[in-house]
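Asker: predicted structure and sequence below. I'll ask about it afterward.
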Amino acid sequence: ETILKHFPMLKRKANLLIICLLVLLSASACKQPIEFPDGVQVLIDGQSIEGEKTVTVNPGADIRLQVTGLQANSNVNFVIRKLGIKVHEENFAVGGEGSVDEMVSLPDIQASATAIVTYVDFNGTTHEQKFTIKLNESA
């Protein structure tokens, strides 16, 4: 028998502590800095999303998505999610030179959301990079 069985208040506190630790772990896992594989670069309007980047743009604006260092004839998927709900998605074909240079029309909403870029690098490995995108009139 465990000591927690005899002390229900300790059991509740232990469960609460475990829940808090799991929440902290999941929150810190979401904020991992972006590191690209060798040769890969992802730019939004000419700025890299590498590191702990937050991209601020105008709602409804067109942004330039440039991804280089990719496997030729693969695909790039660009998704914006707010509270887990997909508010925008586009797929782009990668050319023979291993890059994508496309304009993306953003949704006309004011929000802070998660943008996800999924691509296949030159070595054939699939990567998913998440960063924060703020759709804000003061961009």
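Answerer: Here it is on my side, so go on.
Asker: quick check: beta-bridge partners of residue 132?
Answerer: residue 54, residue 114 (DSSP bridges).
Asker: just to check, it is in contact with residue 57?
Answerer: No. Contact criterion C-beta atoms under 8 Å: residue 132 and residue 57 do not qualify, at 11.4 Å. Bear in mind the C-beta positions are built from the backbone N, C-alpha and C, glycine included.
Asker: now do the buried residues in stretch 88-101.
Answerer: 88, 92, 94, 98, 100 (16 or more other C-beta atoms under 10 Å).
Asker: which two of those residues have the greatest separation?
Answerer: Between any two of the buried residues of stretch 88-101, the greatest separation by C-beta to C-beta is 24.6 Å, found for 88 and 98.
Asker: surely residue 49 meets residue 42?
Answerer: Yes. If you go by C-beta under 8 Å, residue 49 and residue 42 touch, sitting 5.2 Å apart.
Asker: what do the two both touch?
Answerer: Residues touching both residue 49 and residue 42 (C-beta atoms under 8 Å, 6 or more residues apart in numbering) are 117, 129.
Asker: between those two, who's got more neighbours?
Answerer: Neighbour count, other C-beta atoms under 10 Å: between residue 49 and residue 42, residue 42 has more, with 25 against 21.
Asker: can you list the strands that the helix or strand containing the more buried one pairs with?
Answerer: Element membership of residue 42 [criterion: DSSP states H and E] is strand 41-44. Applying DSSP bridges, strand 41-44 is found paired with strand 47-48 (antiparallel), strand 62-68 (antiparallel).
Asker: return the most buried member of these.
Answerer: Mean neighbour count, computed with mean count of other C-beta atoms under 10 Å, is highest for strand 62-68 among those, reaching a mean of 17.
Asker: show residues contacting it.
Answerer: Residues outside strand 62-68 that contact it (C-beta under 8 Å, 6+ apart): 39-46, 57, 76, 78, 92, 94, 98-106, 117, 119.
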